[in-house]
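J.: sequence unknown, structure follows:
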């Protein structure tokens, strides 16, 4: 059984108003990817995005960016934006503030300059978030969580839930990881095709 919700609740949006959950309606949807770059996945995601002239935002793990600098460069060269996702995919709730913030700083040395930050697992303490906001970061959460990482979620249900909950201005989370590979490569083009036909564009966050 899944322990997450596909749609971010109004309560959390109200409780953390300084985080970015959704953009203002403008006939645009904001597709994002977490946990990359990952060889064999990120390239395929980029190929699909290019086919629909879609821009997206990739929240990269610093360690992965160091291992695969060519993929990081390819993301930028194709017009997408990059965000910080910590250096080692740390859970903010399970780490002391000093350790967590140092890990974010470590990721900065591996990534091109960015002021976008998404906490791994969506878990970050208030003081950690406050420190990053004071440093100039925009904490980016999401409006729709695809669940592509969930082995118990079928590809069909993943697609249905994304389409059901996405609306104008939504920030949607996918993953360019090995765990999510089969679902994201199947669901992503269908989502892009559907919303393109409905007159929407896909832009990167900045």
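T.: That came through, no problem. Computed from a prediction, not measured in an experiment: that's the story for all the values here. Numbers count the residues shown, from 1 in each chain.
J.: please count neighbours and contacts with C-alpha atoms only from this point.
T.: Noted.
J.: hmm, residue 180 is touching residue 146, no?
T.: No - counting by Cα atoms under 8 Å, residue 180 sits too far from residue 146 to count as a contact (10.1 Å).
J.: which residues of the protein score low on pLDDT?
T.: 1-4 (pLDDT under 70).
J.: swap the cut-off to 90 and go again
T.: For the chain, applying pLDDT under 90 flags the ranges 1-17.
J.: which helix in this structure has the most residues?
T.: Using DSSP state H to define each element, the chain has its longest helix at helix 181-197.
J.: what ranges do the helices span in the protein?
T.: Counting by DSSP H, the helices of the chain are 10-15, 42-51, 62-67, 69-77, 97-108, 126-134, 155-165, 181-197.
J.: quickly compare those and say which is most buried.
T.: helix 62-67 (a mean of 20; mean count of other Cα atoms under 10 Å).
J.: what angle do the longest helix of the chain and helix 42-51 make?
T.: On the basis of axes from the mean of the first three to the mean of the last three Cα atoms, to 10 degrees, helix 181-197 is oriented at 10 degrees to helix 42-51.
J.: which other helices and strands contact helix 181-197?
T.: For helix 181-197, the packing partners by 3 or more Cα pairs under 8 Å, 6 or more residues apart in numbering; DSSP states H and E come out as helix 42-51, helix 155-165, strand 171-175.
J.: which non-adjacent residue is nearest residue 38?
T.: residue 177 (5.8 Å; Cα to Cα, 6 or more residues apart in numbering).
J.: wait, isn't the one you found in contact with residue 41?
T.: Yes - counting by Cα under 8 Å, residue 41 is a contact partner of residue 177 at 6.4 Å.
J.: near the closest residue in space to residue 21 that isn't next to it in sequence, how many other residues are there?
T.: Spatial nearest neighbour of residue 21, excluding adjacent residues (Cα to Cα, 6+ apart): residue 142 at 4.6 Å. Counted by other Cα atoms under 10 Å, the residues lying close to residue 142 total 23.
J.: need the contact list for residue 142.
T.: Residues near residue 142 by Cα atoms under 8 Å, 6 or more residues apart in numbering: 8, 20-22, 170-173.
J.: likewise residue 62?
T.: 84-88, 106-111.
J.: thinking again about what came up before, how about a markdown table for the helices and strands packed on helix 181-197, with distance to residue 100 added?
T.: Converted to a markdown table, the helices and strands packed on helix 181-197 look like this (distance: least, Cα to Cα, whole Å):
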| stretch | distance to residue 100 |
| --- | --- |
| helix 42-51 | 26 |
| helix 155-165 | 31 |
| strand 171-175 | 22 |
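J.: how close does the residue lying closest to residue 106 once chain neighbours are set aside get to residue 45?
T.: Excluding the flanking residues, the one nearest residue 106 by Cα to Cα, 6+ apart is residue 87, at 6.1 Å. Residue 87 is 22 Å from residue 45, where distance means Cα to Cα, to the nearest Å.
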